[in-house]
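In: Sequence below, structure please.
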Amino acid sequence: MSIWSFTYVITLPLFVKPLVVVWKKTGSGLDAMVPMLSISTSILSLLTFIG
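Out: Modelled structure (predicted):
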């Protein structure tokens, strides 16, 4: 296995904060996490494509 197979690990810290917020908040408090989650998901998909 090459190191490129594990590039998704780079994005794991980007998913921790939104996960904590989802556990603590409900309703409109979750709206602030949408941009961060969309950017994190885009980075994850790009890294999956590369690796």
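
In: which stretches of this protein have low pLDDT?
Out: For the chain, the stretches with pLDDT under 70 are 51.

In: which helix of it spans the most residues?
Out: For the chain, the helix that runs over the most residues, judged by DSSP state H, is helix 34-50.

In: buried set for it?
Out: For helix 34-50, the buried set under the neighbour-count rule, 16 or more other C-beta atoms under 10 Å, comprises Leu37, Ser40, Leu44, Leu47. Quick note: C-beta positions are derived from backbone N, CA and C, even for glycine.

In: Name the nearest of those residues relative to Ser2.
Out: Of all the buried residues of helix 34-50, Ser2 sits closest to Leu47, with 13.4 Å by C-beta to C-beta.

In: residues near the closest residue to that closest one other than its chain neighbours, how many?
Out: Residue nearest to Leu47 in three dimensions, not counting chain neighbours: Thr7, with 4.3 Å by C-beta to C-beta, 6 or more residues apart in numbering. Using other C-beta atoms under 10 Å, Thr7 has 17 other residues around it.

In: State the phi and psi torsions of Thr7.
Out: phi -70, psi -20 (degrees, to the nearest 10).

In: wait, it sits on Ser45?
Out: No: if you go by C-beta atoms under 8 Å, Thr7 and Ser45 don't touch, sitting 11.4 Å apart.

In: Give me the common contacts of these two.
Out: Common contact partners of Thr7 and Ser45 (C-beta atoms under 8 Å, 6 or more residues apart in numbering): none.

In: how far does the helix or strand containing Phe15 sit from the chain's center?
Out: Using DSSP states H and E, Phe15 sits within helix 12-24. Centroid separation for helix 12-24 versus its chain: 8 Å, with C-alpha atoms, centre = their mean, to the nearest Å.

In: cool, stretch 38-51 as well?
Out: The mean C-alpha position of stretch 38-51 is separated from the chain mean by 9 Å, C-alpha atoms, centre = their mean.

In: what does stretch 7-26 give?
Out: Centroid separation for stretch 7-26 versus its chain: 6 Å, with C-alpha atoms, centre = their mean.
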